[in-house]
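Enquirer: Give me a 3D structure for the following:
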Amino acid sequence: MFQLTRAPIELAPLLSVVQRDSDGAITSFLGVVRNHARGRRVIRMEYHAYEPMAAALIEQVGRELEDRWSVKAAIVHRLGCLEIGEASVAIVVASPHRAEAFAACRHAIERIKAEAPIWKKEFYEDGSTWVEQEPGGSHSMPGG
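Expert: Numbers count the residues shown, from 1 in each chain. A predicted model of the protein is given here:
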């Protein structure tokens, strides 16, 4: 399961997709909306994407994980308006051993943050701002 969604992200379905009897480790990463950034109080966040390209990249990253580490993976990134505490991205990786599961999970989030055409806008009590993409990213923000 590699996809974009506008619905809240739930871990249980992702766990059921990746879990195999041969695996002894399942790692997960949840990116969640926090209540502060850049010294300001955040009240909500919006995620936007160039959806065809973002979906393709998420699937490519997931397949790379499965090929490189022989793991089973699921990646879901949420779009739209998110409140504090809601998950924006979930990566779940199952593997016979923990080292591969941790390595694959870390690799996935770093690639997605750097390369996916997904943008976030932070909203504060007194305004909002588009957040720059991670270093190494090559996609401009909407309107930029």
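
Enquirer: and residue 135, what pLDDT?
Expert: Looking at residue 135, its pLDDT reads 55.

Enquirer: CA atoms only for the strand or helix carrying residue 12 - export them in CSV, please.
Expert: In this structure, residue 12 sits in helix 11-18 according to DSSP states H and E. Listed in CSV are the C-alpha atoms of helix 11-18, where the atom choice follows Å, rounded to 0.1, in the frame of the first residue of the first chain:
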residue,chain,number,x,y,z
LEU,A,11,-1.9,2.3,11.6
ALA,A,12,-3.9,-0.9,12.0
PRO,A,13,-4.6,-1.4,8.3
LEU,A,14,-1.0,-0.6,7.4
LEU,A,15,0.2,-3.2,10.0
SER,A,16,-2.1,-5.8,8.5
VAL,A,17,-0.7,-5.1,5.0
VAL,A,18,2.9,-5.6,5.9
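
Enquirer: Mind giving me the packing neighbours of that helix?
Expert: Identification of packing neighbours for helix 11-18 by 3 or more Cβ pairs under 8 Å, 6 or more residues apart in numbering; DSSP states H and E yields strand 25-32, strand 72-78, strand 87-95. For the C-beta atoms, the positions are set from N, CA and C on the backbone; glycine is no exception.
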